[in-house]
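# Turn this into a model:
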Amino acid sequence: MKRLGTVLHTTDNLLIVCADKTIKTDALFANSMVITKTMKKIGKVKEVFGPVNAPYISIKLFNEIKDIEITKLKNERVYLA
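So this is what the prediction gives:
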């Protein structure tokens, strides 16, 4: 389990995450599994964008994730499985 970053924004079925300083951007791949600190699978990496030294990551959430769970993810850390 590697720390991916902190959730900044939540939209319809996407999370926008500010990447952690410890993660190497070359280690990020599309469709990598994303989990919470409780090991719940929430989605997959869709794309990496922004500046190289401080990238952002969009995460496509799974359909079974409820809206209430999505709002609770704001400002929480997420991880790569």
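# Name the residues of the helix or strand bottoming out on mean pLDDT in the chain that are buried.
None of the helices or strands of the chain scores lower by mean pLDDT, DSSP states H and E than helix 67-72, at a mean of 90. The neighbour-count check on helix 67-72 (16 or more other C-beta atoms under 10 Å) flags residue 70 as buried. Using the backbone N, CA and C atoms, a C-beta is placed for each residue, glycine as well.
# Stretch 32-50 now?
Within stretch 32-50, the residues scored as buried using 16+ other C-beta under 10 Å are 32, 34, 35, 36, 42, 43, 44, 45, 46, 48.
# Give me the subset of those lying in strands.
Within the buried residues of stretch 32-50, residues falling in strands by DSSP state E are 34, 35, 42, 43, 44, 45, 46, 48.
# mind putting those residues in CSV, distance to residue 57 included?
Listed next are those as CSV, based on distance: C-beta to C-beta, whole Å:
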residue, distance to residue 57
34, 9
35, 14
42, 13
43, 11
44, 11
45, 6
46, 8
48, 5
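# which one of the residues you listed sits closest to residue 68?
Closest approach between these and residue 68, by C-beta to C-beta: residue 42, at 13.1 Å.
# What score does that closest one have for pLDDT?
pLDDT recorded at residue 42 is 96.
# re earlier: so which other helices or strands are in contact with the helix or strand following the least confident helix or strand of the chain?
Scanning forward in sequence from helix 67-72 by DSSP states H and E, the next helix or strand is strand 77-80. The contact analysis (3 or more C-beta pairs under 8 Å, 6 or more residues apart in numbering; DSSP states H and E) places strand 77-80 against strand 2-11, strand 33-35.
# can I get these in CSV with distance to residue 61 and mean pLDDT?
Below are those laid out as CSV (distance: least, C-beta to C-beta, whole Å; pLDDT from 0 to 100):
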stretch, distance to residue 61, mean pLDDT
strand 2-11, 9, 94
strand 33-35, 9, 96
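# Switch these over to CSV; also include distance to residue 81.
Formatted as CSV, those follow (distance: least, C-beta to C-beta, whole Å):
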stretch, distance to residue 81
strand 2-11, 9
strand 33-35, 4
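# Those: which one's closest to residue 71?
The closest of these to residue 71 is strand 2-11. By C-beta to C-beta, the value is 6.5 Å.
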